[in-house]
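Colleague: Sequence and predicted model, in that order:
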Amino acid sequence: MSKHRLRYITSVFDKKSFEHENLNGIRAISILSVVIYHVWVTVKQIVHSEYEFVNLFLGALSSGVDFFFLLSGFLIYGGLRREFDKNGKINIKDFFVKRSLRIFPAYYFALFVLYSFKRIQLSKFDIHSIQDPAAIAMFESIRVGLSNVWVDALYLTDILRVPVVYDGGWSLSIEEHFYMVLPFFCVLFFFRIPLIPRLAVYLLGFSVALFNRYSISYPIANLDAVYQLYCRFDSILFGMLVYEMYHLFPWETLHLRFKLFWSALLLVLSFSLILWMHQIDSSSAFAIVFRPTIVSVGFGSLMYFSFFIKPIKRFFSWSFFRPFARLGYTAYLWHIIVIPVVATKVTPIVLKNQNMLSAVYAFIYVIFFTFLTSWVVYLIIELPFLRMKEKLVHPIKIQ
């Protein structure tokens with residue numbers, strides 16, 4: 001094997017000059033949380049920990065999506081802000097070309113594979129020979145979802161609540177719709193107003209999203225508040241606000257008395273908020289309405305301090321996280337495909353040993369095959385387009 005080919009294959013381990021290593025840790029933890037959450041949703045009917053805090057914690061790891069939203073808001077907004085400060089304008093065309101090359105090839109390939117897989121799966125069963133009502137409902141949902149593939153293809157899963165092919169597409173749709181508007185909003189208005197009015201806009205955005213979730217899902221829990229654009233965009237806004245704080249008020253430049261005390265207090269508060277939100281029933285009305293806001297505050301503070309507090313920065317910058325971060329987007333797309341495929345190997349073990357050790361085995365097994373699959377797909381589908389993007393628009397480290 002030539003050195004060039006070997007370097008291409010092992011590029012997921014490479015450190016890049018324009019990256020903040022601490023953000024790789026955040027991205028890696030986000031995707032690992034989401035994968036573990038979806039495995040837990042699959043096995044929790046069989047396996048149940050005797051410790052309720054473990055069940056609650058694993059059931060709340062969907063919060064990894066909020067961490068993704070925060071990171072996305074930080075990076076995308078930071079890039080726009082930096083470009084505007086440097087040039088006095090934003091190249092809208094370049095922005096959408098970069099987004100398209102980053103997002104579309106991997107997404108549409110995964111959607112094509114999942115559509116084909118479900119279509120083949122459906123063709124193997126005669127629905128008239130099935131007696132179980134739950135099985136009939138499941139196959140009917142798959143059939144309707146296949147007919148609604150256009151909803152997936154047009155990124156409408158955060159607006160139209162119908163059965164679809166790719167059940168995890170709602171979060172990607174929220175991001176796509178948000179970023180269709182963001183560059184225009186920034187260049188025409190947001191970047192032209194001072195900080196205090198910007199903070200007022202942030203507060204308004206947080207309040208609108210929170211009010212929307214409350215009106216839909218309180219006091220009776222309604223999962224529509226989890227998946228709709230107008231209910232979940234506030235985590236992206238929190239990511240933008242974290243960038244404002246990082247860029248305008250770096251911790252190392254702030255002149256505060258008892259600075260060490262304040263940093264420790266804020267970190268303890270952040271961890272407390274995060275742990276609290278992972279110890280409530282994620283399907284409750286309270287969690288649906290308030291958890292996105294509270295975990296965004298906790299995660300956002302943690303993200304901010306990961307740039308400045310050495311122990312936090314060192315942990316998130318651990319090189320172990322780098323390949324998981326590099327494959328994060330591909331893994332998010334593919335873990336939903338991998339889980340049912342590897343279930344034939346994992347399920348018998350979980351059924352035989354109905355304990356948390358078998359659940360941990362399932363976590364590790366799915367994580368391994370998710371990232372192995374993602375590595376191959378990344379090299380074949382995603383990386384060529386990423387390199388094309390970098391040639392067109394050279395990335396610069398966020399300052």
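Modeller: The structure has been received and is ready for your questions.

Colleague: which residues sit in contact with L248?
Modeller: L195 (Cβ atoms under 8 Å, 6 or more residues apart in numbering). Every residue, glycine included, has its C-beta placed from N, CA and C.

Colleague: let me redo that: V377
Modeller: A106, F109, A110, T330, W334.

Colleague: could I get those as TSV with pLDDT, distance to L241 and secondary structure?
Modeller: Putting those into TSV (pLDDT from 0 to 100; distance: Cβ to Cβ, whole Å; DSSP: H, G, I helix; E, B strand; the rest coil) gives the following:
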residue	pLDDT	distance to L241	secondary structure
A106	95	28	helix
F109	96	34	helix
A110	95	31	helix
T330	95	28	helix
W334	95	31	helix
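
Colleague: Pick the one among these closest to V350.
Modeller: Of all the contacts of V377, V350 sits closest to W334, with 21.3 Å by Cβ to Cβ.

Colleague: That closest one contacts S374, doesn't it?
Modeller: Yes - with contact defined as Cβ atoms under 8 Å, W334 counts as touching S374 (5.2 Å).

Colleague: F299: how many residues sit nearby?
Modeller: 29 (other Cβ atoms under 10 Å).

Colleague: before we move on, which element is it in?
Modeller: helix 285-305 (DSSP states H and E).

Colleague: chain center to that helix: distance?
Modeller: Relative to its chain's centre, helix 285-305 lies at 14 Å (Cα atoms, centre = their mean, to the nearest Å).

Colleague: Contacts only, for S306.
Modeller: Going by Cβ under 8 Å, 6+ apart, the list of residues near S306 reads N22, L23, G25, I26, I312, K313, F316.

Colleague: Now for the closest residue to it other than its chain neighbours, how many residues are close by?
Modeller: Leaving out its chain neighbours, the residue that sits closest to S306 by Cβ to Cβ, 6 or more residues apart in numbering is N22, at 4.3 Å. Using other Cβ under 10 Å, N22 has 21 neighbouring residues.

Colleague: Against V366, how distant is N22?
Modeller: Going from N22 to V366 by Cβ to Cβ, to the nearest Å gives 26 Å.

Colleague: Ok, I236 next?
Modeller: 28 Å.

Colleague: And Y51, by the same measure?
Modeller: 22 Å.

Colleague: which one of those two has more residues nearby?
Modeller: Neighbour count, other Cβ under 10 Å: between Y51 and V366, V366 has more, with 24 against 10.

Colleague: That one is in what secondary structure piece?
Modeller: Going by DSSP H and E, V366 is in helix 356-377.

Colleague: May I have that helix as PDB, with CA atoms only?
Modeller: Output in PDB follows, covering the C-alpha atoms of helix 356-377 (Å, rounded to 0.1, in the frame of the first residue of the first chain):
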ATOM      1  CA  MET A 356     -26.400  -4.300  32.500                       C
ATOM      2  CA  LEU A 357     -23.200  -6.200  31.500                       C
ATOM      3  CA  SER A 358     -25.000  -7.400  28.300                       C
ATOM      4  CA  ALA A 359     -26.200  -3.800  27.700                       C
ATOM      5  CA  VAL A 360     -22.700  -2.500  27.900                       C
ATOM      6  CA  TYR A 361     -21.700  -5.300  25.400                       C
ATOM      7  CA  ALA A 362     -24.400  -4.000  23.100                       C
ATOM      8  CA  PHE A 363     -23.200  -0.400  23.500                       C
ATOM      9  CA  ILE A 364     -19.600  -1.400  22.600                       C
ATOM     10  CA  TYR A 365     -20.700  -3.700  19.800                       C
ATOM     11  CA  VAL A 366     -22.900  -1.100  18.100                       C
ATOM     12  CA  ILE A 367     -20.300   1.700  18.600                       C
ATOM     13  CA  PHE A 368     -17.600  -0.400  17.100                       C
ATOM     14  CA  PHE A 369     -19.600  -1.400  14.000                       C
ATOM     15  CA  THR A 370     -21.100   2.100  13.600                       C
ATOM     16  CA  PHE A 371     -17.700   3.700  13.500                       C
ATOM     17  CA  LEU A 372     -16.200   1.000  11.300                       C
ATOM     18  CA  THR A 373     -19.000   1.400   8.800                       C
ATOM     19  CA  SER A 374     -18.700   5.200   9.100                       C
ATOM     20  CA  TRP A 375     -15.000   5.100   8.500                       C
ATOM     21  CA  VAL A 376     -15.500   3.300   5.200                       C
ATOM     22  CA  VAL A 377     -18.400   5.600   4.100                       C
END
